[in-house]
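# sequence below, structure please.
(5 chains, ligands or ions: 5)
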Amino acid sequence: MSQPALQVTNLAVSFATRRGDLAAVRGIEFHVMPGEVLGLVGESGSGKSITGLATMGLIDPPGRIVSGSVKVNGHELVGLSEAELRKKRGREISMIFQDPSTTLNPVLRVDTQMIEALRAHEPGLSTRAAREKCLAALAAVGIPSPEERLLGYPHQFSGGMRQRLAIAIALLNRPAVLIADEPTTALDVTIQSQVLGEVQQLAAETGTALVWITHDLSVVAGLADRIAVMYAGRIVETGTVTDILSDPRHPYTAGLIASVPSRNRRGARLAQIAGTTPSLVAMPTGCPFHPRCDHADAVCRAEVPPPRPVAGRTVACHHPLTAHATA
Amino acid sequence: MTDTAPPILQLEGVGRVFARKPDIAARIAHKLVGSPLPPRVRAVDDVSFTVRQGEVLGLVGESGCGKSTLARMISGILSPTSGRIRFEGADMAAMSAAERRRAGLAVQMVFQDPMSSLNPRLRVVDIIGEAPVAHGLVKPADQDGYVCEMMERVGLDPSTRYLYAHQFSGGQRARIGIARALAVQPRVLICDESTAALDVSIQSQILNLFMDLRAQMGLTYIFVSHDLGVVQHISDRIAVMYLGRVVELAGAEELFADPQHPYTRALLAEVPRLEPKKRQFTGIKGEMPSPLNPPSGCHFHPRCSVAVPACATRRPALRELPGGRLAACDLIGEGVAG
Amino acid sequence: ADLTYAISAPVTAVDPHYQNATPNNAALSNIFESLTVIGPDGMVEPSLAKEWRLIDDVTWEFDLVPAMFHDGTPMTAADVEFSLLRPATITNSPSAFTIYTRPIKEIQIVDDHTIRLITNAPFPQFPRDLTRVAIVKKDLVEGASTPEFNSGKAAIGTGPYKFTGYTPDDQLNMTRFDGYWGDAPAWDNVRIRFITDDGARSAALLSGSVDAIENVPTSDLERFQSNPDLVYESAKSMRVVFLFVDSGRDQAPTILSHDGKPLDKNPLKDVRVRQAINLAINRDAIRDRLMSGLAWPTNNIVFDGGEGYIEALDAPAFDADKAKALLAEAGYPDGFQVTLATPNNRLINDEQVAQGIAQMLTRAGIRTQVDSMPFTMVNTRGNGGEFAMSMMAWGNTADAAGGIRAMIACKDKDKGMGPVNWGNYCNPKLDEVTMKAMATMDEGERRGLMAEAAQIVHDDMAIVPLYWQGSTWAARKGIDILPRADEQTRPSSFVPN
Amino acid sequence: MTAYLIRRVFQALFTMLAMAVLVFAAVYMLGNPVDALLSPDSDQIERAAAIARLGLDRPLHEQFGLFLWNAVRGDLGTSFVYGIPAIEVLFLRLPTTLELAVFAMVLALVIGIPLGIIAGMRPGSFAGKTIMGGSILGFSLPAFWVGLMLVLIFAVQLQVLPSGGRGQTVQVFGINLASLTLDGLKHMILPATTLALYKASLVIRVCESGTREVMSQDYIRFARAKGLGFWRIVSVHIFKNVLIPVVTIMGMEFGGLLAFSVVVETIFAYQGMGELLISSINRLDRPVVVTYLLFTTVMFVGINLVVDILYAVLDPRIRLSEESA
Amino acid sequence: MSTPAATPALPKQNILRIQAAKFIESPTAIVGIVVLLLAALIAVLAPWIAPQNPYDLMQIDIMDNMLPPGGEMMSGQIAWLGTDAQGRDMLSAMLYGLRISLSVGLVTVLIAGAIGATVGVAAAFIGGRFESIVMRIVDLHLAFPSILIALVLLSAFGRGIDKVIIALVIVQWAYYARTVRGSALVETRKDYIAACSVLQLPRWRVLFRHLLPNCIPPLIVVATVQVAGAILLESTLSFLGAGVPVTEPSLGMLISQGYSYMLSGKYWIAVFPGVLLVLVIIAINLVGDRLRIILNPRLSS
Ligand SMILES: Nc1ncnc2c1ncn2[C@@H]1O[C@H](COP(=O)(O)OP(=O)(O)OP(=O)(O)O)[C@@H](O)[C@H]1O
Ligand SMILES: Nc1ncnc2c1ncn2[C@@H]1O[C@H](COP(=O)(O)OP(=O)(O)OP(=O)(O)O)[C@@H](O)[C@H]1O
Ligand SMILES: [Mg+2]
Ligand SMILES: [Mg+2]
Ligand code: NI
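Ligands and ions are numbered 1, 2, ... in the order given. Prediction:
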């Protein structure tokens, strides 16, 4: 097996606040192979974005990476100086963000924002050559009449177009890894499909490894090869799409899947997970999911379950479900 | 089951135009150099349908298609610029003040943003209890008790009634919003994206609550959402909107099983499904047009894969198709759209 | 040698007939001269008229000096005639010189260097009025307007200095005129700068950017006096500071009883009350504490040696007990309340002095509020009769007549009497004596009448004179200052040593 | 854009008419100018003559009508004091004040923008807190008090800078400028600092909140994710965005600078427009006061217009939406 | 049916209490509020704690004038902060001056705030032509520097505390009108106002119970800043000679009077009141800054 494009081990991030340290990400591990798509799924506040940012080395004070390692193509990123990190960003590993209306600087022309991304890694690049590359990139994400659009300002583009622009910029330097933090959440379904289509195609062409962060299981169902489910700063279950979606082993994953309204369960009561996501400041002891879990017992309340291999995937649960527990 | 129930709400050619009156300067500039006048947005355009007692009508469509505007007109926040809305057969606009108040109370709304729809300076007990007391539904002395009852009904802990809205979680705030609407004993509940801001696990709780309440109180719902999964789950009938117009209206089962309008079809094809199958995303071609400047004729024709030249000029009417369903496409049944 | 000095108010125009204001008159006197001139001691001296005589009570004959204009042409009687007639033709003057020329009924040119002026009525003070009217060159100025003076085109006079440049609000420049008929001037080039702010003017001298200044702020006096690099001079000026007290109206505004109700009778009508006020004021304290010595206490309204000057009045008494006794005698043992109006930008430390007076009067039982305002406001409101008591000053104190006519005589619009009589004082006897004095051409007789009038003013306390205000100058070492009593600062005030 | 311009011109006209009425009314209440101008020994005849000369004997509405009519024709009256058109009196003073105000503005920007951006980028840090604390201080110090203290320290105690006056000037195109001579610059430092202090605090605050706002935007994160360096982000991405509110604020505040020159020119004996206003009020030189106020109104209206246009130039969102709307 | 009234409730928490708790999280704000309260206290108590009544001419004597700090007056009293040109004890004059400055600030803000808030809410609620006319006037007002307006007004009115207050109110009301209208417009667009209309609540109830209370926080912030603004403006005007009467000097007037003596070394007349003025204004601004942060949800998180 070849080397993973991105290998994250035991990553932990915490924020210094007035009320003490707040651990947003509590030791997570995942990897993505070149050309592979990993779906990172979780509810709001589970630490998905923080994971993405930490991977990029973009955690700002008062936050900091407490421990762990992030390797891109085998090169460690954690601990690098800002200047060294800067060289990696955009070239080895790139990221796009959720809100298309704020990912691009509203007062700079599109070409400025594209060329600067190229020049950041290739200072001597001539404007002409840079422009060529930009045109090609725009065409690649399906933006019509790129020559004209290159001279426009971001607000002249629709939401979907802007997200495509961001993707084009992120992939300009052909990074090995692209982290996409919910880039289609703000888009309409029809536009979402278009964007997903472009990304799928591009990643396949360039062999870029893709980490697709989302709270919508359905999106990654069709897109990802593997899925990692996050809950309260931890990955509770990782495995292939099929394994996870059709045969979840962690009670949380199972509950999550069961609560998605869908064709098969029309009109029926949805399964619901009682209670709410725990607050980071008042995290329960032991398994963070235990207060909401039907299967919880004394062990769950006392000990944090370590990730363990179960039925071809990794599950962090003291009492993983058996194959037919799901509905 | 509700096919025979009497209609509770009837919309007849309801439309809403948002326009700013051009001032003198704009008019002079228009005359002098032909500067454009302020734009007119036809947010909702000639919408007619009937809601029967006890049914759940889903309203889906992409952003900006006029769902919220329609919902707000039905709930009385906005008034239509054209058309009529009848409540139990009576035209709302033609009612006396007292009648309108009664009808208005019967049609309540649950809002999308659980934070901004709650007055941050009021305690929950007042948020929920103010209107019923003001309308004499309960005596002021009973307000506390009544509120507790309402809170219990929506699954909130009544002991928290003296807290402020910001001290609750998102799901709890949504419940407060529902309790506020329920407190005036409505017959119709309009839910405008009422679960859009919530996590899936919380969303399922709220959706279940809606269904429980329906069963308990025989409420009628108009359920607005852009999330097809949710609408499909909860609705009896579904209306699909595109750029201010209803393009298709059918029972939920039929619609999903066999969408008729090309837009509905394309839309349903794009909805991500919780099926672990890697698929190739394609998307409807083209961008969503701006409502400021909608395409002529059938609004969907520039993106429609089966459009014929006539679609660009002729506005298709919402026609009744076999099976009691409605669709606004002239090509259906002509074999082209099959 | 060159001289740069700073004056405290701007010269508003180079046209000597445009505005009758001290800075203009003083500065322009070097370029334009008049028939007569006021000497440093305040007395009238010959200038372009080397001598004059009375032909009859109303006819004056002036012999002119052989002066030359700056362009080299001689000055003749025709120029004098033109200059005396010109003020009446200037329509936009904010403050015209016609008051000085209006007494002239007729002008007769006897020859190029002799001219006769016939006045409407006997007018003994005529030569003093003539000091104010500058002589300009007829053929240049005929039809010229104020801007043409500012540019220098019409600014041709007979004075010791020639005009070289004028920047409004900033400076006036002139240079020595070699053809001057009189004594050669002391400076080659003179630059007069207008620095209105007291601090800045002091700073300009301290920093050496000017050689001399006028009106040293009292707060800086100590610093200047003790500075070995500077010379400092002060002089008693002809400006007397006094109080108007309303002795005319039965009810005067702002006068209240102690509990704040209007009094049914105006206490100031009682001469004893006015005398009490006079006695209650400790002028020495004002001089020492508030004026840094720049005040010369007085009860006179006429400057030293002037017609109507009474030497005995130059030492006013301060007797608080007697003041209280007088008040009690007048029926106000507990006093009353009054407001003292004062300008705050006109006299040296005016606002401070008014507050000091208020203190002193309050101690005597007359609770006094101070209402201070810009000079213009005081004028407007004073003319509107809004004050029961106000602090003002009078600078034309060469004789008793002028002051009495303007401020003390019974108000009579037609006769031009008492136009600024804010105290509403009226004593026909005084008017009679004054009128008589004004029409008397014999000096000895006139002096007697003037002294009589001044004495009436004092006995009646028609106004309450406080002190003569001082004028100050400072210069860098190496310059001698010749102080003047008329508050004017001229290049001739400074001589190199 | 055209509609917008037309709207602005209407507004400007309305503003100026309203100002003209207000100013005329207010100035009329000031007092009788004749009292200030006449020599004290003048008599009633002279007084009446002067009142007639100045047109003050006519009914108020007639005076106003005449004033308006003349104003429309560009004649704002002749200064009672100087005997030359009031507008000329004002123009003589204008360069002095403008020069001072521009100098102060530049000073405020040069100090305020970098400090504001630093504070905005590190909101909780020591430097950030110090800067923001300093800006509150700058906000709270009355201009006249600052002026006094500067004079006390630099002119009286240390004697390194002059306490007042304008210093040496050079004529350029017939305008006296002090900023071109060393002496003039020295004279300008204290008054300009006094004027600039408040504005600098304002700029700091605007920049700080602007920077904080910008820093929290995804596009900054995205810029970093692209691999851009710190300087590029600060000097292009942050700066350009922060400039927009700064330009707006400074445009509006330039009027404030001119207004506050009234205070500063009084303290530093600077012969500018502000000093002219005060002395004209004191001397009741009505035409000059009216001219001053009307002229400043015109200037403010003009500046606001320029700022709006500049705003559109800087912010493409406005520019294009105006064109397309 | 249960007896729900008996349902035990969590203790009521007061919004004010919550915000007060947030307020005191900042040490500088605490300093600000303490200084401010102290200043208010001594201003109120001035007649009882000042060694002298500086407005009573019986009590002051020019023979005492210009005493340096610590000098002994004729009456045997020690002038701890010196005396001014009139012989007023500076300490007393400052305490009374503070009283004037603070009350000018407060009264102005109360009146201008009431007028402005009413006009602003009315404009937002009534809308239409009324709104556009009002807002034109407000714009006009805000386009013109307040100091010029106040200066011209006061030159016309003359001196007096009442006149200063009138002038300041005329100058300031527009700020409140704009602020309140702005926040009213924002609040009106929020869904809780829409909810009120769905609940068929009467308009006045919406206006006073829902809209107005939510427009108050920005108003409070502006008001705090404007208290400082009013005090500053008053002192500046007094400094320029158009403000309070000389016999009842505010802090600004004391400074102005001391100005001419400062260059000759008699620093205390201008410096001490200046320091007091600056302290008070800084304190107000510190409090205002903190209020701005805690009352603005975007900044407080
Ligand atoms: N700057 C910060 N200071 C303190 N806590 C923070 C900070 N940024 C994030 N957090 C906390 O870290 C946790 C994880 O945040 P994160 O943004 O990763 O969630 P997410 O999974 O991306 O949620 P969403 O779906 O809403 O985007 C949250 O509880 C958040 O409160
Ligand atoms: N008050 C208004 N003034 C002008 N235009 C408006 C107004 N409210 C809505 N619109 C326009 O009307 C159209 C329909 O808006 P509406 O909010 O009803 O859409 P929606 O279907 O609810 O969209 P979303 O899914 O984003 O909530 C939009 O183009 C919107 O810009
Ligand atoms: Mg996130
Ligand atoms: Mg909506
Ligand atoms: Ni478990």
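# secondary structure element for the residue nearest to B:D227 when sequence neighbours are not counted?
Closest residue in space to B:D227, ignoring its immediate chain neighbours: B:A196 at 6.9 Å, by Cβ to Cβ, 6 or more residues apart in numbering or on different chains. Heads up, the C-betas are built off the backbone N, CA and C, glycines and all. B:A196 belongs to no helix or strand when elements are defined using DSSP states H and E.
# now for B:A196: which residues touch it?
Taking Cβ atoms under 8 Å, 6 or more residues apart in numbering or on different chains as the definition of contact, the neighbours of B:A196 are B:112, B:225-227.
# and the gap between it and ligand 1?
From B:A196 across to ligand 1, the span is 13 Å (Cβ to the nearest ligand atom, to the nearest Å).
# next up, phi/psi of that residue, please.
Taking degrees, to the nearest 10, you get phi -60, psi -30 for the backbone angles of B:A196.
# also C:I118?
Backbone geometry at C:I118, expressed as degrees, to the nearest 10, gives phi -110, psi 120.
# so it bridges to which residues?
Listed by DSSP bridges, the beta-bridge partners for C:I118 are C:T59, C:E106.
# can you tell me how far it sits from C:F62?
The gap separating C:I118 from C:F62 is 12 Å, by Cβ to Cβ, to the nearest Å.
# more neighbours, the two?
Taking other Cβ atoms under 10 Å in any protein chain shown, C:I118 and C:F62 do not tie; C:F62 has more neighbours (23 against 16).
# now the more buried one: which helix or strand?
Element membership for C:F62, per DSSP H and E: strand C:59-64.
# ok, now how distant is whichever residue of the stretch 351-497 of chain C sits closest to chain A from E:A20?
Using Cβ to the nearest Cβ, the point where the stretch 351-497 of chain C gets nearest to chain A is C:P374, with a distance of 51.1 Å. From C:P374 over to E:A20 the distance is 48 Å, taken as Cβ to Cβ.
# before we move on, the earlier item: top of the contacts of B:A196 by neighbour count?
Neighbour counts for the contacts of B:A196, by other Cβ under 10 Å, peak at B:S225, which reaches 24 neighbours.
# for that one, phi and psi?
Given degrees, to the nearest 10, the pair of backbone angles that B:S225 has is phi -160, psi 150.
# and the gap between the nearest residue to it once chain neighbours are set aside and A:P261?
Computed as Cβ to Cβ, 6+ apart, the closest residue to B:S225 that is not its neighbour in sequence is B:V231, at 5.0 Å. Shown here: B:V231 relative to A:P261, a distance of 9 Å by Cβ to Cβ.
# just C:S390 next, same as before
Counting by Cβ to Cβ, the gap between C:S390 and A:P261 amounts to 90 Å.
# how about A:P291?
Counting by Cβ to Cβ, the separation of A:P291 from A:P261 is 24 Å.
# of the two, who's got more company?
Neighbours were counted for A:P291 and for A:P261 using other Cβ under 10 Å; A:P261 has more, 24 against 16.
# ok, the more buried one - contacts?
A:270, B:203-204, B:207, B:229-230, B:232-234.
# and with 7 Å instead?
A:P261 makes contact with A:270, B:207, B:229-230, B:233 under the criterion Cβ atoms under 7 Å, 6 or more residues apart in numbering or on different chains.
# ok, of the residues you listed, which come out buried?
Buried residues within those, counting neighbours by 16 or more other Cβ atoms under 10 Å in any protein chain shown: A:270, B:207, B:229-230, B:233.
# turn those into CSV, columns for pLDDT.
Formatted as CSV, those follow (pLDDT from 0 to 100):
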residue, pLDDT
A:L270, 81
B:L207, 89
B:G229, 85
B:V230, 87
B:H233, 88
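# hey, which helix is longest across chain D?
Taking DSSP state H as the criterion, chain D has its longest helix at helix D:86-121.
# which is the succeeding secondary structure element to that helix?
helix D:126-140.
# show me where chain A has strands.
If DSSP state E is used as the criterion, the strands of chain A fall at A:6-17, A:20-32, A:37-42, A:63-72, A:75-76, A:93-96, A:177-181, A:209-214, A:226-231, A:234-240, A:308-310, A:313-315.
# strands paired with the fifth one, and their directions?
Paired neighbours of strand A:75-76 in the sheet (DSSP bridges): strand A:63-72 (antiparallel).
# show me what the lowest-mean-pLDDT helix or strand in chain B is packed against.
Across the helices and strands of chain B, mean confidence by mean pLDDT, DSSP states H and E is lowest for helix B:24-33: a mean of 74. Other elements packing on helix B:24-33 under the criterion 3 or more Cβ pairs under 7 Å, 6 or more residues apart in numbering or on different chains; DSSP states H and E are helix D:2-28.
# and the angle from the helix it packs on to helix B:24-33?
An angle of 130 degrees separates the directions of helix D:2-28 and helix B:24-33 when computed by axes from the mean of the first three to the mean of the last three Cα atoms, to 10 degrees.
# anything in helix D:2-28 sitting right up against chain C?
No - no part of helix D:2-28 sits close enough to chain C to count as contact by Cβ under 7 Å from any Cβ of the partner chain; the gap is at least 11.7 Å.
# in stretch A:40-53, which residues are buried?
Going by neighbour count (16+ other Cβ under 10 Å), the buried part of stretch A:40-53 is A:40-43, A:45-53.
# hmm, I was thinking of stretch C:305-322
For stretch C:305-322, the neighbour count (16+ other Cβ under 10 Å) marks C:306-310, C:313, C:316, C:318-320 as buried.
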